[in-house]
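**Student:** based on what follows, work out the 3D shape:
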Amino acid sequence: MPVIDSHVHMEHVADMDYFRNYRKTHGFDYVNLACICSGRRFSTGNNLLAAAMKLSDPHFFAHGGLYYPSVPVVKPIPAEWEFSLQAKELLDCGFDGIKMLETKPTTRKAHDLAVCDPVYDDYYAFLERTGTHIIWHACDPETFWDAATAPEFSFKEGWFYGDGTFSTKQAIYDEVYSVLDRYPKLNATFAHFFFLSDFPDEAEKFLSTYPNVSLDITPGREMYDYFSRRRDTWKAFFTKYADRIVFGTDMTADEFQGGVGDILSTMRRFLATDDVFTFWDFTIRGLDLPKDAVTKIEGDNFARMVAPTPKPMNKPKLARYVEHSLPLVRDESDRKWLADFFEKNL
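**Tutor:** The predicted structure is shown next:
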């Protein structure tokens, strides 16, 4: 079965070479690019970078992100950016799924739009009807809401949420539950274990209540501390739900979480061995899962939920997307490179 990193992020053109080398060096059959088109650094350029990568290398999946023409969001959404139409256009171009960052607390605050708002109804109905896979980031670690427990990097990155201006963790969960209650067939993988790694009972309830959702083990480094503290409980959980857990690293070219080799070794030792070792400044205890469970988690599940291989790009439809999206790319050097690339390759 394939070995797939289901969750990495590119930001600039230079990252393309980084991830080509990353895939080859570390033995991945495929890597999935999770695109972010909203926030202080991102625009439609993130989708276009992923499209360029897919055109040039058949070993990459991509989950495209929605673009928001105004932040905070102003309703009604302009007709040309209606969310279900955006999703359809991305899939028609050859994207393999959709990435959602709308319920990360910073994005939720910036958008000032609940993900259960009726403005999304046609979008969710389309994704449910087509079985489109979603990689969905919802919430963040609960420690980020408490100044006494928030890690130093959360303040540096603007991820401390305890000043009263952000949605609470529970409020964001409630928005997500509202969506899943109305669209129970959504094919959604919740990133970073839905930030339930310290709450095994809630994780069990979540998967039993919503049989079409899954969880990825993309760090959140704190996850591996919490998993290790209840090693036997989580071993039973991972074994029971081995077909609903997905491997991903959240890798970026700046290696924010740590060195590539160390992260991959840590994650694989955690899944496949009973080793006890130290990384991220805490002790990790391996789950020593059965081989078939590891195989499912490291690639089989993503291939089943999305596709065995990446979709080819539809050049005529991509050309139309490039035409109206390229002017929105914020980084001038990336915009010029993308314009030259698509002129030569479409």
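
**Student:** please, where are all the strands along this structure?
**Tutor:** Applying DSSP state E to the chain gives strands spanning 4-8, 30-34, 60-65, 97-103, 133-138, 187-190, 214-216, 245-246, 276-279, 282-285.

**Student:** mind listing the strands the second one pairs with, and their directions?
**Tutor:** Each strand pairing with strand 30-34, determined using DSSP bridges, is listed with its direction: strand 4-8 (parallel), strand 60-65 (parallel).

**Student:** what's the angle from it to strand 97-103?
**Tutor:** For strand 30-34 against strand 97-103, the angle by axes from the mean of the first three to the mean of the last three Cα atoms, to 10 degrees is 40 degrees.

**Student:** ok, now the third one?
**Tutor:** Between the axis of strand 60-65 and that of strand 97-103 there is an angle of 40 degrees, by the same axes, to 10 degrees.

**Student:** what's strand 60-65 in contact with?
**Tutor:** Contact partners of strand 60-65, identified using Cβ atoms under 8 Å, 6 or more residues apart in numbering, comprise 4, 6, 19, 23, 30-38, 42, 46-47, 50-51, 53-54, 90, 93, 95-101, 133-135, 306-307, 310. All C-beta spots, glycine's among them, are computed from the backbone N, C-alpha and C.

**Student:** how far off centre is that strand?
**Tutor:** Chain-centre distance of strand 60-65: 10 Å, with Cα atoms, centre = their mean, to the nearest Å.

**Student:** buried stuff in that strand?
**Tutor:** By 16 or more other Cβ atoms under 10 Å, the buried positions in strand 60-65 come out as 60-65.

**Student:** may I have it exported as CSV, CA atoms only?
**Tutor:** Taking C-alpha atoms only, strand 60-65 is exported to CSV below (Å, rounded to 0.1, in the frame of the first residue of the first chain):
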residue,chain,number,x,y,z
PHE,A,60,1.3,15.3,-5.4
PHE,A,61,-2.3,15.5,-4.3
ALA,A,62,-3.8,19.0,-3.5
HIS,A,63,-6.7,20.2,-1.4
GLY,A,64,-7.7,23.7,-2.5
GLY,A,65,-8.9,26.4,-0.2
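
**Student:** roughly how far does the residue nearest to A138 when sequence neighbours are not counted sit from S6?
**Tutor:** Using Cβ to Cβ, 6 or more residues apart in numbering and skipping the chain neighbours, the partner closest in space to A138 is T103 (4.0 Å). T103 sits 19 Å away from S6, going by Cβ to Cβ, to the nearest Å.

**Student:** when the two are compared, which one has more neighbours?
**Tutor:** With other Cβ atoms under 10 Å as the criterion, T103 and S6 differ in neighbour count, and S6 comes out ahead with 30 against 24.

**Student:** any idea how far the residue nearest to the more buried one when sequence neighbours are not counted lies from F193?
**Tutor:** Counting by Cβ to Cβ, 6+ apart, S6 lies nearest to G248, which is 4.1 Å off, once chain neighbours are set aside. G248 is 11 Å from F193, where distance means Cβ to Cβ.

**Student:** likewise G45?
**Tutor:** According to Cβ to Cβ, G45 and F193 sit 29 Å apart.

**Student:** ok, those two, which is more surrounded?
**Tutor:** The neighbour count for G45 versus F193, taken as other Cβ under 10 Å, is higher for G45 (25 against 22).

**Student:** quick check, central residue of this structure?
**Tutor:** I135 (4.4 Å; Cα atoms, centre = their mean).

**Student:** thinking the residue nearest to A138 is in contact with V176, fair?
**Tutor:** Yes: using Cβ atoms under 8 Å, T103 makes contact with V176 at a distance of 6.2 Å.

**Student:** show me how far the lowest-mean-pLDDT helix or strand in the chain is from its chain's centre.
**Tutor:** Across the helices and strands of the chain, mean pLDDT, DSSP states H and E gives its lowest value to helix 152-156, namely a mean of 89. Distance of helix 152-156 from the chain centroid (Cα atoms, centre = their mean) equals 21 Å.
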